[in-house]
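Undergrad: From the sequence below, what's the structure:
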Amino acid sequence: MGKTEPNGGLSDAAGRRAPGRVAARFVVRLLADDSGATAIEYGLILSLIFLVIVGAVTSFSTKFNTILNSAASNINGAL
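TA: Numbering: from 1, shown residues only. All right, here's what the predicted structure looks like:
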């Protein structure tokens, strides 16, 4: 029997890739892939819009509560 040589990532008899080469290629592709960046950007924009809406509703509710309290005290004063 002779010395065995590495197959360079070729598939084995079952058609599977050598495990070390598959993991290395996956990591390289994962680091080079930027398709998830768009989803992250949209998520950040959506969260900023949400925070602006929450701030606006909070400000509106505080002012509206003041108006309702003023109206209630005027009605009680009239009675």
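Undergrad: any idea how far S59 is from L48?
TA: 17 Å (CB to CB, to the nearest Å). To be clear about C-beta, it is placed using only N, CA and C from the backbone, and glycine gets the same treatment.
Undergrad: Kindly report the same for A72.
TA: Counting by CB to CB - A72 and S59 are separated by 21 Å.
Undergrad: Ok, S35 next?
TA: Relative to S59, and taking CB to CB, S35 is found at 38 Å.
Undergrad: neighbour-wise, which of those two wins?
TA: Between S35 and S59, counted using other CB atoms under 10 Å, the more crowded position is S59 (10 against 6).
Undergrad: mind checking which helix or strand the more buried one is in?
TA: If you go by DSSP states H and E, S59 is part of helix 35-78.
Undergrad: Show me how far that helix is from its chain's centre.
TA: When C-alpha coordinates are averaged (CA atoms, centre = their mean, to the nearest Å), helix 35-78 and its chain have centres 23 Å apart.
Undergrad: Give the rounded mean pLDDT of that helix.
TA: Mean pLDDT, helix 35-78: 90.
Undergrad: which helices and strands sit right next to it?
TA: Taking 3 or more CB pairs under 8 Å, 6 or more residues apart in numbering; DSSP states H and E as contact, there are no helices or strands that helix 35-78 lies on.
Undergrad: Appreciated, that's everything.
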